[in-house]
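>>> no FASTA, just this:
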């Protein structure tokens with residue numbers, strides 16, 4: 001299969017990507033006789049979501065995608081002019097390849113690249129994979145479906161339309 005550019009080739013080898021979970025640290029106050037009372041914090045919503053993502057790749061074509069990413073990581077590390085990578089976008093699509101939602105990670109820093117084991121038997125017996133870790137400072141979730149793609153409102157009872 002031919003690709004228009006190297007990024008399209010690398011994207012075709014992605015097996016999975018994760019979105020970090022939410023963790024809320026609740027402030028605690030002790031009342032009389034030791035009773036604990038928890039409160040909802042006044043924390044920015046961007047800071048309750050974890051800030052690390054991991055992308056898993058299938059190692060293909062004699063590990064060439066690993067070495068391309070290795071080169072990208074080293075160039076990013078040596079680049080003193082740019083603190084961050086361009087935003088990383090993950091788009092979820094339906095069976096018709098229409099976008100459902102997009103997650104945009106901003107102010108991205110490459111954090112880790114897993115090791116590569118040169119083992120012929122590992123390549124032939126089981127699929128081989130590696131992972132790339134990122135840190136991001138901001139995220140944005142954008143829903144792409146319009147009303148007509150979510151549901152037709154004409155056949156829905158009035159009471160449901162108001163919900």
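Yes, it's here. The structure displayed is predicted, hence computed values, not measured ones.

>>> Buried residues, stretch 86-94. List them.
For stretch 86-94, a neighbour-count test (16 or more other CB atoms under 10 Å) marks 88, 90 as buried. Any C-beta I mention is one placed from the backbone N, CA and C, and that applies to glycine too.

>>> same deal with stretch 56-72?
57, 59-60, 63, 65-66, 68-69, 72.

>>> Likewise for stretch 70-85?
72, 85.

>>> How far does that stretch sit from its chain's centre?
Taking CA atoms, centre = their mean, to the nearest Å, one finds stretch 70-85 lying 19 Å from the centre of the chain it belongs to.

>>> pLDDT below threshold where in the protein?
For the chain, residues meeting the criterion pLDDT under 70 lie at 1, 120-126, 147-163.

>>> Tell me where it has helices.
Taking DSSP state H as the criterion, the chain contains helices spanning 6-12, 64-78, 120-125, 147-150, 158-161.

>>> re the thing from before, of the buried residues of stretch 56-72, closest to residue 146?
residue 57 (33.0 Å; CB to CB).

>>> Against residue 39, how distant is the residue of the chain positioned farthest from its centre?
Farthest-out residue of the chain from its mean C-alpha position, per CA atoms, centre = their mean: residue 33, at 45.6 Å. Residue 33 is 19 Å from residue 39, where distance means CB to CB, to the nearest Å.

>>> Ok, residue 53 next?
For residue 53, the distance to residue 39 - CB to CB - is 30 Å.

>>> who's more crowded, these two?
Taking other CB atoms under 10 Å, residue 53 and residue 39 do not tie; residue 53 has more neighbours (21 against 9).
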